[in-house]
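[1] Could you look at this predicted model? Sequence included:
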Amino acid sequence: MYYLIVVVFLIIIVRLFYLQVIMHKDYKDRAFSGQYKEQQILPRRGTIDAFDGTTRVPFVLNEDTYTLFVDPKYIKEKDRTSEKLAKILGVNSKEIKEKINNSETRYVVIAKRVDQKKKDQIEDLNLVGVGLRTVPMRSYPNGNLASQLLGYVDQEGSGKYGIEQYMDGDLKGEIGLLKAVTDAKGVPLINNKDNVLKDAKDGKKILLTIDVGLQKKVEDTLRDYLPTVNSKSGSVLVMDPNTGAIKAMANFPTYNPAEYFKVEDPRLFQNATVADPFEVGSIMKTLTMSAGINEGVVNLGGSYVDQGVMKIGDREVKNVSGFQNRATRPITDIITLSLNTGAVYILQQLGGGELNEQGRVRWHNYLVNHYRFSKTTGVEQGYEAEGYVPDPKNGFGLNIDYANTTFGQGMNITQLQMTSALSAVINGGTYYQPHLVASTKEGKANVDDRVKVVAKDVVKPETSSQIKGVMELAVNKSYTFLKRDGYIVGGKTGTAQIAKPGGGYYDDSKINGTFIGYIGITKPEYVIMVRVNEPVVPGYAGSKAAAPLFGRVSNTLMDNYLLSKTN
Amino acid sequence: MTYSSSISTNKRRFESRHRNAVSFREQARVLGPITNTVLLLVLGCLLGLFYLSQVTKVNASGYKIDSLQKEYTALQKEHDELELSAAKLQSLDRVASSEEAQKLVAVTPTKTIR
């Protein structure tokens, strides 16, 4: 008997030794795994504000929505559950019942983007097997406004297109982590030395340079105007030439970023002003003239012999009808009458009097290094395009190609590149970094702290003064409807042929109209560039379709923004 | 030894014998093993109680922190919702279509010379 007791105790001791010593780690880990929980702490995406005059207003915010799901295994009364949910969601109960019955999984999504009110109603029902998962979404109080500029945030929380894409790293913040021993309810017990807590870092709050009121007005103007010239699409860009801040950036057609998933044509997501380079047409002559004056090869007070029609290789460059005869003309006519052969004359002068490599290289230097074409500007937008400027030394037919570039054909640039370059030319020669983000600093500051000078020698100040003079002369002579006493207005039209994908150009029935100009009181305060795609109007698209749109936008600015400065 | 010195010597002996003297007898009072054990157990219990009270206190603080965090999150959510509602109420489309706006009449700015 005594030995039996000893043996039993020995067995117990051995077993306890095995469980408590040898298997210690295993059982400890198993016990710990039930208690130790790890969860990500999601940061809040940074919101986006904009200017309303001088005040800061919310523009893009966050809103919690909910995904309603069910686990069919736990739903005993499928009819009753379906009916109750259908009543709240405003859908047919049969649809819900079908989803519940036909599912082979235990996670069946019944509805997405359920709002807070419906979520509360569903929770009040206390239905077994029904759950709600929080899904943060972007909310846009102003609907479609500036949608292409903003971009959108997808279901995974990633920014796509526009500001959301470019600034995604700043906006999304950093995910936090909590690893902790918890009680039965999942509440972390803080007395464990192995707990890990890394707080989530919310995304930065961004202040845009755009003015909400102006953006709205420009978008409405564009939308209402395009049908009057039988155009289906267009864009308007308004920039402060003295800071590089973009005050309005509008495209049409547009979309609702809160319902991005309903968009069928992905091209609609693109911000055409930065992502769609095109041949801008004769508005380029302002920059050609600037290069000529800056290099001292043309003098605005002088004259030249205009050929009317120039044969370059086997191709011809012609002026518009009525100006195709050879004549001695003032240099200013190149801008005021938009003479193509006049623009080519400047290229010839850059080459010492003829079309040659020297002239092409000098002009290329202006295009790429002074005006900064064929490279992205660095504006805070996804998918910004570089554009294209032909090589001045390699290739065939370089003289005709380069002759074409003097009046904005044969090269692609974006609306933003053109506006930034002209801003530099008319502000005295300083190229400011074009920007849409005024600040990413914490707090409620409403100042633009991201003004940055990229280059100071785009053109000489005297060149700048002369170009302003000739652009104002163009308005005074040809576009008097844009003038207004008390304000300075300068501008230039462009009517650009559209390149075919396979080479060559479409005929004159398919052209783009452009206009670039500036307005101010004592100096240029806004540069405006408009683009009207394929309008159907009698006459030239630049003067008949684009210039009137410029006028509507410039009048808005003068009525609302510059007016306050005249008091 | 003279008589006088002999008396003096005897006197010192006598004085020495009857002089007041304090003496200490070292008496070691060692606790027994049972007392030691009891004391150690009591001390251990006290330490254990102190530890448990602190752990409980810390855990209670944890619940309080958790509760405050939940409250903070709820308030932040409420703040966001209010901000969103305010932004929606101030949106340009809503303002433009408001009853008050319908009563407004568009005018040409008087200080602008066309």
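    Structure's in. What do you need? Residues are numbered from 1 along each chain as shown, chains lettered A, B, ... in the order given.

[2] switch to C-alpha atoms for all contacts and neighbour counts from now on
    Fine.

[3] what stretches of the chain score poorly on pLDDT?
    Using chain A here. Counting by pLDDT under 70, chain A contains low-confidence ranges at A:103, A:563-567.

[4] hm, I was asking about chain B
    B:1-28, B:107-114.

[5] please redo it, this time with the cut-off set to 90
    B:1-34, B:55-67, B:69-70, B:73-74, B:76-77, B:80-81, B:88-114 (pLDDT under 90).

[6] Please report how far the closest residue to chain A within it lies from A:Tyr540.
    Nearest residue of chain B to chain A (C-alpha to the nearest C-alpha) works out as B:Lys88 at 4.6 Å. Using C-alpha to C-alpha, to the nearest Å, B:Lys88 is found at 43 Å from A:Tyr540.

[7] try A:Val317
    A:Val317 sits 17 Å away from A:Tyr540, going by C-alpha to C-alpha.

[8] mind listing what A:Glu316 touches?
    A:309-310 (C-alpha atoms under 8 Å, 6 or more residues apart in numbering or on different chains).

[9] Which strand or helix spans it?
    If you go by DSSP states H and E, A:Glu316 is part of strand A:315-318.

[10] distance between that strand and the chain's centre?
    37 Å (C-alpha atoms, centre = their mean, to the nearest Å).

[11] any idea which helix or strand comes after it?
    Assigned by DSSP H and E, the successor of strand A:315-318 is strand A:327-330.

[12] helices and strands around that next one, which ones?
    strand A:303-306 (3 or more C-alpha pairs under 8 Å, 6 or more residues apart in numbering or on different chains; DSSP states H and E).

[13] The strand it packs on pairs with which strands?
    Sheet pairing for strand A:303-306, assigned by DSSP bridges, gives strand A:327-330 (antiparallel).

[14] Now the strand it pairs with: buried residues?
    A:Pro330 (16 or more other C-alpha atoms under 10 Å in any protein chain shown).

[15] Run through who's touching it.
    With C-alpha under 8 Å, 6+ apart, strand A:327-330 has contacts from A:300-308.

[16] what do you get if the cut-off is 7 Å, keeping everything else the same?
    Outside strand A:327-330, the residues within contact range by C-alpha atoms under 7 Å, 6 or more residues apart in numbering or on different chains are A:302-307.

[17] would TSV of those with neighbour count be doable?
    Formatted as TSV, the contacts of strand A:327-330 follow (neighbours: other C-alpha atoms under 10 Å in any protein chain shown):
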residue	neighbour count
A:Gly302	10
A:Ser303	14
A:Tyr304	18
A:Val305	14
A:Asp306	26
A:Gln307	23
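
[18] can you list the residues of the stretch 151-300 of chain A near chain B?
    A:189-191 (C-alpha under 7 Å from any C-alpha of the partner chain).

[19] Name the SS class of the residue in the stretch 401-550 of chain A positioned nearest to chain B, please.
    Residue nearest to chain B within the stretch 401-550 of chain A (C-alpha to the nearest C-alpha): A:Arg484, separated by 5.3 Å. Secondary structure, DSSP: H, G, I helix; E, B strand; the rest coil: A:Arg484 is coil.

[20] returning to that earlier point: nearest residue to the residue of chain B closest to chain A other than its sequence neighbours?
    Distance criterion C-alpha to C-alpha, 6 or more residues apart in numbering or on different chains; nearest residue to B:Lys88, sequence neighbours excluded, is A:Pro141 at 4.6 Å.

[21] do the same with B:Ala101
    B:Val95 is the one closest to B:Ala101 (C-alpha to C-alpha, 6+ apart), at 6.7 Å.

[22] Can you tell me the element that neighbour falls in?
    Counting by DSSP H and E, B:Val95 is part of helix B:92-96.

[23] if we look at that helix, which residues are touching it?
    In contact with helix B:92-96 (C-alpha under 7 Å, 6+ apart) are residues A:142, B:101.

[24] May I see the buried residues of stretch A:312-320?
    So stretch A:312-320, judged by 16+ other C-alpha under 10 Å, has buried residues A:317-319.

[25] ugh, typo on my part, it should be stretch A:436-453
    A:436-440, A:446, A:448, A:450-451.

[26] List of residues touching the lengthiest helix in chain A?
    Criterion DSSP state H: the longest helix present in chain A is helix A:461-478. Helix A:461-478 has contacts (C-alpha under 7 Å, 6+ apart) with A:290, A:293-294, A:332, A:335-336, A:425-429, A:482-483, A:489-492.

[27] make it 8 Å
    So helix A:461-478 is contacted by A:286, A:289-290, A:293-294, A:300, A:332, A:335-337, A:425-429, A:482-483, A:488-492, A:517 (C-alpha under 8 Å, 6+ apart).

[28] Repeat that for stretch A:154-169.
    For stretch A:154-169, contacts defined as C-alpha under 8 Å, 6+ apart pick out A:137, A:148-153, A:171-172, A:269-271, A:380-383.

[29] Now the nearest residue to A:Gly397 once chain neighbours are set aside: phi and psi?
    Of all residues beyond its chain neighbours, the one nearest A:Gly397 is A:Gly313 (7.5 Å), with distances taken as C-alpha to C-alpha, 6+ apart. Note on A:Gly313: its backbone torsions stand at phi 60, psi -130 [degrees, to the nearest 10].

[30] A:Gly313 and chain B, how far apart?
    49 Å (C-alpha to the nearest C-alpha, to the nearest Å).

[31] Quick check: that residue touching A:Asp401?
    No: contact criterion C-alpha atoms under 8 Å: A:Gly313 and A:Asp401 do not qualify, at 10.6 Å.

[32] List the contacts of the residue in the stretch 1-150 of chain A positioned nearest to chain B.
    Here the residue of the stretch 1-150 of chain A nearest chain B is A:Pro141; by C-alpha to the nearest C-alpha that distance is 4.6 Å. Residues counted as contacts of A:Pro141 (C-alpha under 8 Å, 6+ apart) are A:59-61, B:84, B:87-88, B:91.

[33] rewinding a little: mark which of the contacts of helix A:461-478 are buried, thanks.
    So, by 16+ other C-alpha under 10 Å, the buried ones in these are A:286, A:289-290, A:293-294, A:300, A:332, A:335-337, A:425-429, A:482-483, A:488-492, A:517.

[34] Would you report which members of those residues are assigned to helices?
    A:286, A:289-290, A:293-294, A:335-336, A:425-426.

[35] what about the residue lying closest to A:Thr54 once chain neighbours are set aside, distance to A:Lys205?
    Nearest non-adjacent residue to A:Thr54, counting by C-alpha to C-alpha, 6+ apart: A:Asn446, 7.3 Å away. For A:Asn446, the distance to A:Lys205 equals 12 Å [C-alpha to C-alpha].
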